[in-house]
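*Asks:* what's the 3D shape of this:
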Amino acid sequence: YEIPHLGRRSLQEGGWYPDWWSNNAAVHGSGHADADAEDYAVAGTGTASVASAFADNIVQGSNSIAASGSLAEGWYGESYADGDSDAYASTNNYNGETYSGSMADSDAEYDYYYGADADSDAEFYAGAHGEDIVGAMGAQITVAVAEDNSYDDWWGYGGVGGAIGGAKSKARQGLEDWYGPQMLEFLDYQLDSRTMGEFDLATDIVLAAGYEIPHLGRRSLQEGGWYPDWWSNNAAVHGSGHADADAEDYAVAGTGTASVASAFADNIVQGSNSIAASGSLAEGWYGESYADGDSDAYASTNNYNGETYSGSMADSDAEYDYYYGADADSDAEFYAGAHGEDIVGAMGAQITVAVAEDNSYDDWWGYGGVGGAIGGAKSKARQGLEDWYGPQMLEFLDYQLDSRTMGEFDLATDIVLAAGYEIPHLG
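*Replies:* I've put the predicted structure just below:
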């Protein structure tokens, strides 16, 4: 019913060869969904991606969002779901260029003999270089949950695997003369709101179709080589995430990641921010379960006065085995640096936690074991000139990058936690 009457909006894709003597804007995206089920099993997957680009003689910007979600559930036989999505946007004018890209992938599988498995990958990248003001920002989330021998009132014992992945990024460039800053602020708002509005419409269609074909419909949700132009201002971000969960025989596993990066530079000040986090849980009363989450985020800037860079990485692993007990491991790393004229600064922090308990007691299942780990890291770097309004501009930049990056990270972790409860009962 849904597939014949869909036809909401169309997208463009294809080879694009920019004319460097004019203004250019291009977008490209694709999606793939595959589901298979056999013998008392069900599978569903959906993808959504959106890209937008705008350029005139003074300002330009690129936005991209991509998401994928998959669910496989069964009580006998086997089922498999695979979703892929990507989106790319780029612009250029006489003053510089911007580019943005996002990719998301999710896989879920159930097999009566081998249990449940889930895997998710997401990535973002963005960059801008040119005269005066440049900026880039991106974020990603991944979630994977697997449970074997879960109970259904109608079907009895079965298993379920679910995964979601999402990434978004944006890049901006504009001139400081005339009304450039005001135009850039207006462009930033317009591209953000219109791209997100189109993405909300896309996910609404995916979710509605998910319930119709047949009863599934959980909520689903940017790397690239970058060679900076050392004669202009540059800002770039890059991040990735991976989540993997596997459970077999009365066991459960779940993991989630989130990472965010942001960068800004003009002729006077520049800065980079990055945050990455990962959490994993494995629990069981028989059989075995495993959860692994990895995430990273990188940001860098440079202008004629110097450069900044920031990187954060987080990894968490949790494992339960009926014969070998429980195990947990967490790693987190940060680095940041700034060099150039006058004012430079860098800061970073990390946390790691790992807990393992064997022969813990559950009122329903009896004795079992659990392993859990979380890791997180963040870093930032700043550089600015002391002349004119440099210190005040650097203070304002520091506040803006911190608050916006953390705000995006809070949103990402909220999504991860909500999905953890949904697929199926972890969080």
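*Asks:* the strands in the stretch 201-350 of the chain, which residues?
*Replies:* When assigned using DSSP state E, counting those that start in this stretch, the strands of the stretch 201-350 of the chain occupy the ranges 233-248, 251-265, 269-284, 288-303, 306-321, 325-340, 343-362.
*Asks:* dump those strands into a markdown table; add distance to Asp132 and mean pLDDT as well.
*Replies:* (Glycine included, C-beta is placed from N, CA and C.) Below are those laid out as a markdown table (distance: least, C-beta to C-beta, whole Å; pLDDT from 0 to 100):
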| stretch | distance to Asp132 | mean pLDDT |
| --- | --- | --- |
| strand 233-248 | 7 | 91 |
| strand 251-265 | 9 | 91 |
| strand 269-284 | 12 | 94 |
| strand 288-303 | 10 | 93 |
| strand 306-321 | 16 | 94 |
| strand 325-340 | 17 | 94 |
| strand 343-362 | 20 | 89 |
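*Asks:* for Ala128, find the nearest of these.
*Replies:* Distance to Ala128, taken as C-beta to C-beta, is lowest for strand 233-248 among the strands of the stretch 201-350 of the chain, at 5.2 Å.
*Asks:* give me the sheet partners of that closest one and which way each runs.
*Replies:* Here strand 233-248 is paired, per DSSP bridges, with strand 115-130 (antiparallel), strand 288-303 (antiparallel).
*Asks:* in a markdown table, list these along with distance to Ala318 and mean neighbour count.
*Replies:* Converted to a markdown table, the strands paired with strand 233-248 look like this (distance: least, C-beta to C-beta, whole Å; neighbours: other C-beta atoms under 10 Å):
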| stretch | distance to Ala318 | mean neighbour count |
| --- | --- | --- |
| strand 115-130 | 14 | 29 |
| strand 288-303 | 5 | 28 |
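*Asks:* out of the ones you listed, the one nearest Ser259 is which?
*Replies:* Closest approach to Ser259 among the strands paired with strand 233-248 (C-beta to C-beta): strand 288-303, 3.9 Å.
*Asks:* export that closest one as CSV, just CAs?
*Replies:* Provided in CSV are the C-alpha atoms of strand 288-303 (Å, rounded to 0.1, in the frame of the first residue of the first chain):
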residue,chain,number,x,y,z
GLU,A,288,27.5,-16.1,25.9
SER,A,289,27.2,-12.5,24.9
TYR,A,290,29.5,-9.8,23.6
ALA,A,291,29.3,-6.0,23.0
ASP,A,292,31.8,-3.7,21.4
GLY,A,293,31.6,0.1,20.7
ASP,A,294,34.1,2.4,19.1
SER,A,295,33.8,6.1,18.3
ASP,A,296,36.2,8.9,17.3
ALA,A,297,36.0,12.6,16.4
TYR,A,298,38.6,15.0,14.8
ALA,A,299,38.6,18.7,14.1
SER,A,300,41.2,21.0,12.7
THR,A,301,41.6,24.6,11.5
ASN,A,302,44.3,26.8,10.0
ASN,A,303,44.7,30.4,8.9
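*Asks:* okay if I get the strands of the stretch 201-350 of the chain as JSON lines plus distance to Ser193?
*Replies:* JSON lines is the format used below for the strands of the stretch 201-350 of the chain (distance: least, C-beta to C-beta, whole Å):
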{"stretch": "strand 233-248", "distance to Ser193": "21"}
{"stretch": "strand 251-265", "distance to Ser193": "18"}
{"stretch": "strand 269-284", "distance to Ser193": "23"}
{"stretch": "strand 288-303", "distance to Ser193": "24"}
{"stretch": "strand 306-321", "distance to Ser193": "27"}
{"stretch": "strand 325-340", "distance to Ser193": "31"}
{"stretch": "strand 343-362", "distance to Ser193": "32"}
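*Asks:* make JSON lines out of the strands paired with strand 233-248 and add distance to Lys380.
*Replies:* JSON lines is the format used below for these (distance: least, C-beta to C-beta, whole Å):
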{"stretch": "strand 115-130", "distance to Lys380": "18"}
{"stretch": "strand 288-303", "distance to Lys380": "9"}
